[in-house]
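Q: heads up, no residue letters with this:
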DNA sequence: GAGACCGATGTCAGTCGCTGTCATCGTCAT
DNA sequence: ATGACGATGACAGCGACTGACATCGGTCTC
């Protein structure tokens, strides 16, 4: 066995999630997280840039997935269809509704965490925009297709997480996309 | 004359904007801002909840404007038209492109400030959603119309701010709305 | 296999954002 | 006058985050 217990990063993430759930984000100190993980505060900051990041580090997986899905969409697909294909791929990564719900409850309970979540979504939108431009879509169109796509994702994800919701994520995404089309096309 | 110089809040805001522009947001300490305004650090935090808020305190004006515009839209207007009317009213509050540009440069240069900006935009979207629901629009439709409207606003504002852009804000908003309609209606 | 090197962690001191608490002192109503 | 009020100052303290240096198993080199 090595000098240290394995998977320090994972232990920190789990300890943080537990403490944030039990006592709330603000009431939890980094020293407490590190102690529960059997490490020091300084080591926490070597693995995560700040106290919030421990909840969002997994987000890059979703971003990669979206970007690849847009790139892989058939040439015949228009911008919004390519985005729709990307959103549809989300359910291969968002499997466990219960843990998503718990994580979201922690985030929703704290303004700083909501801020971080928003910047992650904005980064997702940027990545989608860049991916669309890689398909030859113009700037303005790419931006709006990406932003609108993220709006759809936000709405659909919130419904998926909601208590009592029984539909699966792809279906909610499809419904939200259809609603967006209906809303936008009624512009006079 | 009173015991103190007048308009402490305004002096703090101006000092902060100057220092953030000159040395950057992170390199500026609250003590420095307070000193330039002839006050103490403690007093800064009596006027602004945190170091970032001094750049965003004016945002509630825009929110009020949007909400009132949605509420005042004619009954015949659909959700997206009511949102369009709200966005169109933005130029009565965003008058000085140059100071908007300078403020945006400060914000764009710092991740924490971008986070704060995003949560203000999200709050704007919530307010729009609530205003739409007050018109009898259903939840899903209201959310999507509001989110899509904010997406349009973001894109149009960014273009307005951009170097070399000569069109005015209402026109850019109109163009972005039209583009959104075109993008969304092409969903297959 | 001895020693140089490496990488994850610990230790410690320090800065800064932010808060609670109490003191200060013009102003204003009575 | 006097006492309540309100904006500010003074001060102590907590916690997030950082930089610098030490520690010590594992690994590589010769």
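A: Structure's in. What do you need? Fair warning: this is a prediction, and the values are worked out from it, not measured in the lab.
Q: Now the residue most central in space within chain A: closest residue in space, sequence neighbours ignored.
A: Geometric centre of chain A, nearest residue: residue A:59, 5.1 Å, by CA atoms, centre = their mean. Residue nearest to residue A:59 in three dimensions, not counting chain neighbours: residue A:120, with 4.8 Å by CB to CB, 6 or more residues apart in numbering or on different chains. In short, each C-beta sits where N, CA and C put it, glycine included.
Q: State the pLDDT value of the one you found.
A: pLDDT, residue A:120: 97.
Q: still on that earlier bit, what residues are up against the residue nearest to the centre of chain A?
A: Applying CB atoms under 8 Å, 6 or more residues apart in numbering or on different chains, we find residue A:59 in contact with A:120, A:123-124.
Q: which ones among those are found in helices?
A: A:120, A:123-124 (DSSP state H).
Q: So if we follow the domain assignment, how does chain A break up?
A: Following automatic domain parsing, chain A resolves into domains at A:8-54, A:58-185.
Q: Say whether DNA strand D is contacted by the shortest one.
A: Yes - contact between domain A:8-54 and DNA strand D, assessed by CB under 7 Å from any atom of the strand, occurs at A:28-31, A:41-42, A:45, A:49-52.
Q: Start and end of that domain, how far apart?
A: With CA to CA, to the nearest Å as the measure, domain A:8-54 spans 12 Å from end to end.
Q: again with the longest one
A: Between the opening and closing residues of domain A:58-185 we find a distance of 36 Å, counting by CA to CA.
Q: so how far is it off the chain centroid?
A: 8 Å (CA atoms, centre = their mean, to the nearest Å).
Q: Repeat that for the shortest one.
A: Domain A:8-54 has its average C-alpha position 20 Å from the chain's average C-alpha position, going by CA atoms, centre = their mean.
Q: Around DNA strand D, pick out the residues from chain A.
A: A:1-3, A:28-31, A:41-42, A:45, A:49-52.
Q: if we take those residues, which one ends up nearest to residue A:86?
A: residue A:52 (25.4 Å; CB to CB).
Q: can you pull the contacts of that closest one?
A: So residue A:52 contacts A:25, A:112-113, A:116 (CB under 8 Å, 6+ apart).
Q: Quick one: residues contacting residue A:47.
A: Here residue A:47 is in contact with A:8-9, A:12, A:54 (criterion: CB under 8 Å, 6+ apart).
Q: do the same with residue A:115
A: Residue A:115 neighbours (CB under 8 Å, 6+ apart): B:115-116, B:118-119.
Q: Just give me the closest of those residues to residue A:83.
A: For the contacts of residue A:115, the nearest to residue A:83 is residue B:118 (19.8 Å; CB to CB).
Q: anything in the helix or strand harbouring residue A:98 near chain B?
A: Taking DSSP states H and E as the definition, one finds residue A:98 inside helix A:97-108. No - Helix A:97-108 is not in contact with chain B by CB under 8 Å from any CB of the partner chain; minimum separation 12.0 Å.
Q: for stretch A:66-79, same thing?
A: Yes - for stretch A:66-79 and chain B, the contact criterion (CB under 8 Å from any CB) is met by A:78-79.
Q: Quick check: end-to-end length of that stretch?
A: End-to-end for stretch A:66-79, by CA to CA: 13 Å.
Q: circling back: buried ones among the contacts of residue A:59?
A: A:120, A:124 (16 or more other CB atoms under 10 Å in any protein chain shown).
Q: The residue nearest to residue A:59 touches residue A:57, doesn't it?
A: No - with contact defined as CB atoms under 8 Å, residue A:120 does not reach residue A:57; the gap is 10.1 Å.
Q: Alongside chain B, which residues does chain A contribute?
A: Residues of chain A lying near chain B (CB under 8 Å from any CB): A:78-81, A:84, A:111, A:114-116, A:118-119, A:122, A:140-141, A:143-145, A:147-148, A:150-152, A:154-155, A:159, A:175-188.
Q: If any of these are buried, put those into a ChimeraX selection.
A: The following ChimeraX line selects those of the residues of chain A next to chain B that are buried, judged by 16+ other CB under 10 Å:
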select /A:78,79,80,81,84,114,115,116,118,119,122,140,141,143,144,145,147,148,150,151,152,154,155,159,175,176,177,179,180,181,183,184,187
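Q: okay, the domains of chain A, which one's buried deepest?
A: Ranked by mean neighbour count under mean count of other CB atoms under 10 Å in any protein chain shown, the domains of chain A are led by domain A:58-185, which reaches a mean of 18.
Q: about what we covered before: in helices, which of the residues of chain A next to chain B appear?
A: Reading helices off the residues of chain A next to chain B with DSSP H, I get A:79-81, A:84, A:111, A:114-116, A:118-119, A:122, A:140-141, A:143-145, A:147-148, A:150-152, A:154-155, A:159, A:175-185.
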